[in-house]
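**Student:** Make a model of this:
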Amino acid sequence: MGMGRKWTKEDEAYLSDNWGYISVPGLCKQLNRTKSAILIRVQRLGLPPFLDSGEYVTLNQLIQVVTGSDTSYSYKMKSWVENRGLPVHNKRNSQCTWRVVYIDEFWKWAEKNKGFLDFSKMEPLILGKEPDWVIEQRRQDFACNANYRKDPWSPQEDARLKDYLKQFKYGYLELSQILGRSAGAIQRRICDLKLKERPVKADNHKSWEEKHFQILADMIRAGYSYGAIGEVLEKSEKAIRGRVFDFYRTENADKVRSMLGDGAWGTGKPELTTFEARRRVPVKKDLTKLMELLLIRRNQLGYEPYWQRHMCMKWHDIRGCTAGQEDCDNCIDFERIKPQYCVRCGATFFERESDRLCKRCRSARKKQHQKKWRILQRAGVMVGTQEQEFV
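**Tutor:** Alright, predicted model coming up:
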């Protein structure tokens, strides 16, 4: 492979420009030289180590720089790479392979996930030049950490929380200001301690105005936390999260920011499913009207005073008496609903239509079939993926 050949200036320039970007076997192939010749020339040229010679850092180094800790590597792989799409590349020297992240790609990813990262733990300029938005975001993170504590709860704090809850006059906003904890931390602690008392519900759900939504949209775009937004709007963090979820079906500020874009509040919100829409005010009004019509129909039948109809096989909730009788007192066609026995649990139940299972067991059997269907669907997807890889 070209033993003893002198190094030209063009070869040295190519080696200097691509050292750290092309693997050592790749350089050997491009320059038609041995591995030993490449490494000796690198040492004579004074080039830095392989991993320090490119515009990237290893994934371990990035985690330590951003979070201040190198623990929970597997969690970061799941949360950062798989769930949020951090671009990671494999860099191979000769026999070793490293996961590396290009700094430019990291800053583009960080801008989309600024609500997920805590830049107050990241030393300024540790990765070189930073985008302009990082300075403001770091200041906001420092302010958020100063207002809300994140250390473990002490017994004294638990006692104070219990005492405040028993007074039934403090909401999440007041408790957050008194205890120095976020609304989510207080809610989680109440559940952990299994307390029956709850904070007083704030009566400010009707005070939302157009200007409030505009402030909410601007502050989410700027990367402010829900706690900081609540202080400006004089609402609890829980109220802010609830309002965001009502519109965008998620509390993840980064996802809301991507859907919102540069538009007004409500831009890019997803379409509601039928299950979600039934909780809305217009749908509730329609259901209320339907219930009123059914009550009117029941009153028109004239059978409201007669309780016997609930025990008769010849009664229909909409058509009324199928035997054609005018009232239950003078009815001679009464037929009592016969008891049935559930083959699954053995319970006795009373229904006009014949069935082998009671209502409770039918619901349980339905959930069981749904769970089995999901397992089979997941297995089918995995088998299909393996077949494609095999082909």
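**Student:** so what's M259 scoring on pLDDT?
**Tutor:** As predicted, M259 sits at a pLDDT of 90.
**Student:** for it, what are its contacts?
**Tutor:** Listed by CB atoms under 8 Å, 6 or more residues apart in numbering, the contact set of M259 reads 248, 267-270. (Glycine included, C-beta is placed from N, CA and C.)
**Student:** ok, so of those residues, who is nearest T34?
**Tutor:** Set against T34, the nearest of these by CB to CB is G268 (57.1 Å).
**Student:** what about N113, how many neighbours?
**Tutor:** 18 (other CB atoms under 10 Å).
**Student:** Would you quantify the distance from it to L62?
**Tutor:** Distance check for N113 against L62: by CB to CB, to the nearest Å, it reads 13 Å.
**Student:** One more: A347?
**Tutor:** Taking CB to CB, one finds A347 at 60 Å from L62.
**Student:** Comparing those two, which shows the higher neighbour count?
**Tutor:** The neighbour comparison of A347 against L62 (other CB under 10 Å) goes to L62, with 21 against 13.
**Student:** Please pick the buried ones from the contacts of M259.
**Tutor:** Buried members of these, counted by 16 or more other CB atoms under 10 Å: Y248.
**Student:** Against K314, how distant is T322?
**Tutor:** 5 Å.
**Student:** Low-confidence ranges, the protein, go.
**Tutor:** 1-4, 19-25, 47-54, 70, 72, 93-95, 202-206, 274-281, 283, 381-391 (pLDDT under 70).
**Student:** How is the protein partitioned into domains?
**Tutor:** Taking automatic domain parsing as the reference, the chain has its domains at 9-52, 56-147, 155-193, 210-270.
**Student:** Any idea which of those gets closest to W373?
**Tutor:** domain 210-270 (24.4 Å).
**Student:** Centroid-nearest residue for the protein?
**Tutor:** N252 (6.0 Å; CA atoms, centre = their mean).
**Student:** which one is it nearest to, not counting chain neighbours?
**Tutor:** Nearest residue to N252, sequence neighbours excluded (CB to CB, 6 or more residues apart in numbering): G115, at 7.4 Å.
**Student:** On the three-state scheme, that neighbour is what?
**Tutor:** Three-state assignment for G115 (DSSP: H, G, I helix; E, B strand; the rest coil): coil.
**Student:** now swap in I40 and tell me
**Tutor:** helix.
**Student:** I318 - that's part of a helix, no?
**Tutor:** No - I318 sits outside any helix when classified using three-state DSSP, being coil.
**Student:** ok, now which ones touch it?
**Tutor:** Residues near I318 by CB under 8 Å, 6+ apart: R297.
**Student:** i'd like the first residue to be 274 from this point on
**Tutor:** Done: numbering now begins at 274, and the last item shifts to I591.
**Student:** need the strands for the chain, in chain order.
**Tutor:** Secondary structure of the chain, counting by DSSP state E: strands at 329-331, 362-365, 370-375, 588-589, 593-594, 612-614, 621-623.
**Student:** Relative to E447, which of those strands is closest?
**Tutor:** So among the strands of the chain, strand 370-375 is nearest, using CB to CB, at 42.9 Å.
**Student:** Give me the buried positions along the closest one.
**Tutor:** Buried-residue list, strand 370-375, by 16+ other CB under 10 Å: 371, 373-374.
**Student:** other SSEs contacting it?
**Tutor:** Strand 370-375 is packed against strand 329-331, helix 332-340, strand 362-365, with contacts defined by 3 or more CB pairs under 8 Å, 6 or more residues apart in numbering; DSSP states H and E.
**Student:** highest average neighbour count across those?
**Tutor:** Stretch with highest mean neighbour count among the helices and strands packed on strand 370-375: strand 329-331 (a mean of 19; mean count of other CB atoms under 10 Å).
**Student:** Pull the residues that contact that one.
**Tutor:** 324, 338, 362, 364, 371-376, 400.
**Student:** which one is D628 nearest to, not counting chain neighbours?
**Tutor:** In space, and not counting its chain neighbours, D628 is closest to Q613: 6.6 Å by CB to CB, 6+ apart.
**Student:** For that neighbour, grab the count of nearby residues.
**Tutor:** Around Q613 there are 17 residues (other CB under 10 Å).
**Student:** same thing with W353?
**Tutor:** Neighbours of W353 using other CB under 10 Å come to 22.
**Student:** surely it meets S347?
**Tutor:** No - with contact defined as CB atoms under 8 Å, W353 does not reach S347; the gap is 11.0 Å.
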